[in-house]
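Enquirer: Sequence unavailable; structure follows:
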């Protein structure tokens, strides 16, 4: 996955940055995936979703 600032990051990296357990992040991504019918749109939405997570984590 591409994280904030375009840095490739896995679920555990996201866990370290956001403080949310990596299985929780995986669950969130799966939830977003179930809402999107198109794979391309899924990639765009997950990117926006992850970017939003990082922005919230930085504000805290």
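Expert: Perfect, thanks for sending it. The shown structure was predicted, so the numbers you read here are calculated from the model rather than taken from an experiment.

Enquirer: Remind me what the helix or strand that contains residue 45 packs against, helices and strands.
Expert: Secondary-structure element containing residue 45, defined by DSSP states H and E: helix 39-59. Using 3 or more C-beta pairs under 8 Å, 6 or more residues apart in numbering; DSSP states H and E as the contact criterion, the secondary-structure elements in contact with helix 39-59 are helix 11-18, helix 22-35. Yep, even glycine has a C-beta here, placed from its N, CA and C like the rest.

Enquirer: what's residue 21 in contact with, if anything?
Expert: The contact partners of residue 21, taken as C-beta atoms under 8 Å, 6 or more residues apart in numbering, are residue 15.

Enquirer: Also residue 26?
Expert: residue 11.

Enquirer: quick one: residue 9 from residue 35, how far?
Expert: With distances defined as C-beta to C-beta, to the nearest Å, the gap from residue 9 to residue 35 amounts to 22 Å.

Enquirer: Of those two, which one has the most company?
Expert: Just comparing residue 9 and residue 35: by other C-beta atoms under 10 Å the higher neighbour count belongs to residue 9, 18 against 9.

Enquirer: Let me know the pLDDT of the more buried one.
Expert: The confidence metric pLDDT takes the value 78 at residue 9.

Enquirer: now swap in residue 37 and tell me
Expert: The pLDDT attached to residue 37 in the predicted structure is 67.

Enquirer: Spatially central residue in this structure, please.
Expert: Note on the chain: the residue nearest the mean C-alpha position is residue 50, at 2.9 Å, using C-alpha atoms, centre = their mean.

Enquirer: my guess is that one contacts residue 11, does it?
Expert: No - with contacts defined as C-beta atoms under 8 Å, residue 50 does not count as touching residue 11, sitting 10.2 Å away.
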